[in-house]
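Colleague: sequence first, then the predicted structure:
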Amino acid sequence: MPSLESETAYHFFMASYTFPARFEFLDEIRDFVAEVARSGGFSEKAIYSLQLAADEAASNIIEHAYEGVANASLFVTCDMEGDKIVISMRDTGKSFNPNAVKEPNLKADLSERQIGGLGVYLMRKLMDTVQYESSSAGNLLTMTKRRE
C-alpha cells in the first residue's frame, strides 16, 4: 500500500497506486479508497458507499475491459479536493459506452432480470458524478462524492 502524502496548504490530498487488475486485489483497492476518505473526514457510512462504488468500478474494469488479458494494471487515484473526494481509475483495456447500459429493472423477479447494468447503476446512485472517457491512451473513469 502506498504512503499517503498531503498538501495541507491547499486543503488538497492526493494518493495514487497501480494495482494488478485481478479480483484478488479488490480488498486493497477498497482499503485504499477508505484510507483516503477517512483522511478527508468522511463518515464510516459514506466510506462504505465509496468502497462499494470503487469495488463495482474495478470489478467491471477487470471483468469487461481486461477480459482475457493477463498481467493488466489498474491505476487508481484518490484526491481530496476540499470536501469532495475524486476517485479515478485508468485502464488500457477495451472501451465501452456507459450510455448504452440500461438501468436495471429492480422490481422484476430475479429470474426475469436482464444480466448486467447493476454495477453502473450502483455507481451512479452512490456517487455525485460518474464520468467515463475513452481515448487512444486508454479509459478513464472518474467518480466524485461531496462529504456530507
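Modeller: Happy to help now that I have it. Residues are numbered from 1 along each chain as shown.

Colleague: contacts for stretch 138-145?
Modeller: 46, 49-50, 53-54, 57, 61, 65, 84-93, 95-96, 123, 126-134 (C-beta atoms under 8 Å, 6 or more residues apart in numbering). (C-beta placed from N, C-alpha, C; glycine too.)

Colleague: spatially nearest residue to the most centrally placed residue in the chain, not counting backbone neighbours?
Modeller: In the chain, the residue lying closest to the centroid (C-alpha atoms, centre = their mean) is Ala54, at 3.1 Å. Once flanking residues are discounted, Ala54 sits nearest to Val33: 4.5 Å by C-beta to C-beta, 6 or more residues apart in numbering.

Colleague: so the one you found, which state does it fall into?
Modeller: Using DSSP: H, G, I helix; E, B strand; the rest coil, the structure places Val33 in helix.

Colleague: wait, doesn't it sit right on Cys78?
Modeller: Yes - contact between Val33 and Cys78 holds when scored by C-beta atoms under 8 Å: they sit 5.9 Å apart.

Colleague: what's the spacing between the closest residue to Ile62 other than its chain neighbours and Asp128?
Modeller: Among residues not flanking Ile62 along the chain, Ala21 sits closest, at 5.1 Å (C-beta to C-beta, 6+ apart). Here the criterion is C-beta to C-beta, to the nearest Å. By it, Ala21 lies 26 Å from Asp128.

Colleague: still on that earlier bit, which secondary structure elements does whichever strand or helix holds the residue nearest to the centre of the chain contact?
Modeller: Take DSSP states H and E as the rule and Ala54 turns out to sit in helix 44-60. Packed against helix 44-60 by the contact rule (3 or more C-beta pairs under 8 Å, 6 or more residues apart in numbering; DSSP states H and E) you find helix 26-39, strand 73-81, strand 84-91, helix 118-126, strand 138-146.
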